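*Asks:* here is my input; please provide its structure:
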Amino acid sequence: GKTEGGRRGDREGGRRQTSPPPVMMLLLLLLLGLVDGQRDAVSICICDLTAAVCELNCCCDPDCSSADVVVFKACLPGSEPVIERVCIGQSAIFISNSHLPTVTVHNGSHSYFCVIVTDSKTNYFVSPQSVARESFPQLSAQYGGKSFISPSHPLIFEDTNKTMNISEQFYQLGQQMVTYFANTSTLGVLSLPVALTGGECTDGNPAGFLQTASSTCCRRFTKLSSSCTSLQALNAGTYYEGFTLLQTPDIFNITEVKIEPQNIQSVPTPTLTNNFCNNVVSAVTYRILIEGNVGIIEANVSFSFVNVSLEATKIWQDFHLIFVTDPEQREARRRSGNPGYLPGSPVLAFRGQEPVALSLVRADSYSRCDTSNRNTVDFTFNSRTGCSHSLDPASTCRERQESINLLLLGNRIPDSLGILGNASGMDTSSLTRVLNSPPSAADVTCEAICSLALKMDVEILWARLGSVSNPQSAILGGRFQYHTQDVQCDKTEITLQSSVTFLDASLPPAPPRGSPSPQEKLPHDIFLPFRGLEFVGVALGEAGRPTCGIWIVILAITFSRL
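*Replies:* Below is the predicted model:
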């Protein structure tokens, strides 16, 4: 029994050794060009930049339902891919002993067996180096420079050929919204007036589905005393009465949606009173509630009115079109990237767990420091600002520095920055601390001079992380630097300066292999016949024969035959 069992085991073992495992078969077929390398979706959706809101054309947004996605005409770059998968026809696989996860993909009448390569190197994330107060000067000196402008690195996106077929059963992104005039039984499209080259309004601009838009244009008239009540563009009823919206573009199954005035019981009409044309429309705002491929669910309109003098010859009007997918209008938090920062997006800053703005002081039209508006710091955008500020002659040195700090730093000073564009103050691991020691001055009466910090420089260290084909920008650290100078006490007018500089600490990827030597770059026989003779001379030399004499004899024989 043991012998037979041993022979059976030997035979089975022999079969296992001679039959290549499925993973080896996949590798062999991949080399032969028989395997299709594909990409599958990942858990991070890089085009999802607004929390709790369905992003247009972002097919991987978890806030978008399947009904929303079918409305999109195309998927944004990043809606798919980083985890690789290698596939082969399912009929070629009998059993799999792969330690990697597998999946069966059905495409029409064909089925594919796919091995998912869960390689961490293809993921978006790597562990960034930690930046502390001690290491920041070294990194700043290494990646900083005298030039204020850092080299630009444009993002390269792959073009996508994925499109969806336009269906007349529901609206798609950008499609004109159909209107129905019951009195004449005719169809039209909803238009949003826009300005021509000279600023005049034109009403022939069709509004696009899911395309939020705003415009400002000018209405001109010659004699308002006679056209106040007859000019349709000045009457609010023109923009919602006499027509309805179709829920879908399917004209064979019409469902009408009436446009209702919002927050008003009775819409006023233009009237003439005391040399004024009253209740003239100055702004129109459409608010349209939609639900995926169901179409338009509800439509509202709101107005703003002004009284115009009869001597006026023109009026400016504003038009807005807003699409709403959530009737409760939850507050949406805009990300600066997902996961990595996008160039030009605001740098995420936090004070504890509360998000705050990282900003610089701004000058008003008179070059004075603006106390209400500030310039936001945008990722990779270096900037410098300056303004003038008046000091209180009776204030102490400390009070003067505190008033300066309020302008340079703002009311809410951040203590950390988001490492990635989707960072949250609730997750401390997604934050990096800011090195900042706000300046202070002695609490003494200013008699001669005060040493005050009048200039602030913000340095932000960042790098590209992850794979070369899909790098993600991340912030490694940041610090505030202050420059002090002596200010005379009788000087009440000072100039403040602030700047932000982004230092790129990205390391170039290692080359896939070493550079070839000069000999390998040339054809192997370019030095024939001399290269072959050299080998002969070397061989004879190793045998203890002098090579110099042999070379002379060989050369003499060669030239004698010419």
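*Asks:* bridging residues for W462?
*Replies:* I475, D504 (DSSP bridges).
*Asks:* one more: S451?
*Replies:* Assigned bridge partners for S451, using DSSP bridges, are D486.
*Asks:* same thing with V194?
*Replies:* With DSSP bridges as the rule, V194 is bridged to T202.
*Asks:* pull up the gap between it and F323, please.
*Replies:* 18 Å (Cβ to Cβ, to the nearest Å). No exception for glycine: its C-beta is placed from N, CA and C like everyone else's.
*Asks:* what of V377?
*Replies:* Distance, V377 to F323, by Cβ to Cβ: 31 Å.
*Asks:* for these two, indicate the residue with more neighbours.
*Replies:* Higher neighbour count among V377 and F323: V377, with 21 against 18, using other Cβ atoms under 10 Å.
*Asks:* wait, the more buried one sits on V361?
*Replies:* No. Checked against Cβ atoms under 8 Å, the pair V377 and V361 is beyond contact range at 11.8 Å.
*Asks:* remind me which residues of the stretch 101-250 of the chain are low pLDDT?
*Replies:* Residues of the stretch 101-250 of the chain meeting the criterion pLDDT under 70: 107-108, 117-129, 144-167.
*Asks:* which residues of it fall in helices?
*Replies:* All helices of the stretch 101-250 of the chain, identified by DSSP state H, counting those that start in this stretch, fall at 136-143, 224-227.
*Asks:* can you check the chain too?
*Replies:* Assignment of helices within the chain using DSSP state H yields the ranges 2-18, 22-31, 66-69, 136-143, 224-227, 397-409, 518-521, 530-542, 547-560.
*Asks:* quickly note the distance from Y171 to V308.
*Replies:* 37 Å.
*Asks:* can you list the buried residues in stretch 423-435?
*Replies:* By neighbour count on 16 or more other Cβ atoms under 10 Å, the buried set for stretch 423-435 is A423, S424, G425, S430, L431, T432, R433, V434, L435.
*Asks:* which ones are touching the residue nearest to the last one when sequence neighbours are not counted?
*Replies:* Counting by Cβ to Cβ, 6 or more residues apart in numbering, R479 is the residue found nearest to L435 once chain neighbours are left out, at 3.7 Å. Taking Cβ atoms under 8 Å, 6 or more residues apart in numbering as the definition of contact, the neighbours of R479 are R133, F136, S140, V434, L435, N436, V458, E459.
*Asks:* narrow the residues you listed to those in strands?
*Replies:* Using DSSP state E, the subset of the contacts of R479 located in strands is V434, L435, V458, E459.
*Asks:* and of those, the nearest to C489?
*Replies:* V458 (29.1 Å; Cβ to Cβ).
*Asks:* pLDDT wise, what is the residue positioned nearest the centre of the chain at?
*Replies:* Nearest to the mean C-alpha position of the chain, by Cα atoms, centre = their mean, lies L342 at 4.1 Å. In this prediction, L342 carries a pLDDT score of 91.
*Asks:* which regions of the chain sit below the pLDDT cut-off?
*Replies:* 1-44, 73, 77-85, 94, 99, 107-108, 117-129, 144-167, 326-332, 510-562.
*Asks:* on that earlier part again, between the ones in strands among the contacts of R479, which is nearest Y240?
*Replies:* Once Cβ to Cβ is applied, the member of those that ends up nearest Y240 is V458, at 49.8 Å.
*Asks:* thought the residue nearest to the centre of the chain was touching D378?
*Replies:* No. Under the criterion of Cβ under 8 Å, L342 makes no contact with D378, lying 9.7 Å away.
*Asks:* before we move on, the earlier item: separation between the residue nearest to the centre of the chain and L49?
*Replies:* Where L49 is concerned, L342 sits at a distance of 8 Å (Cβ to Cβ).
*Asks:* now list whatever residues contact both of those two.
*Replies:* Joint contacts of L342 and L49 (Cβ under 8 Å, 6+ apart) are S336, G421.
*Asks:* residues touching C387, list them.
*Replies:* Here C387 is in contact with V361, R362, A363, D364, S367, R368, C369, D370, L407, T495, L496 (Cβ under 8 Å, 6+ apart).
*Asks:* where along the stretch 251-400 of the chain do the strands fall?
*Replies:* Assigned by DSSP state E, counting those that start in this stretch, the strands in the stretch 251-400 of the chain fall at 256-257, 259-261, 271-273, 276-291, 295-309, 314-324, 348-351, 354-357, 359-363, 369-376, 383-390.
*Asks:* so of the ones you listed, which one's packed in deepest?
*Replies:* The highest mean neighbour count among the strands of the stretch 251-400 of the chain, using mean count of other Cβ atoms under 10 Å, belongs to strand 348-351: a mean of 22.
*Asks:* other residues contacting that strand?
*Replies:* Outside strand 348-351, the residues that touch it by Cβ under 8 Å, 6+ apart are 336, 355-358, 412-418, 421, 423, 425, 431, 434.
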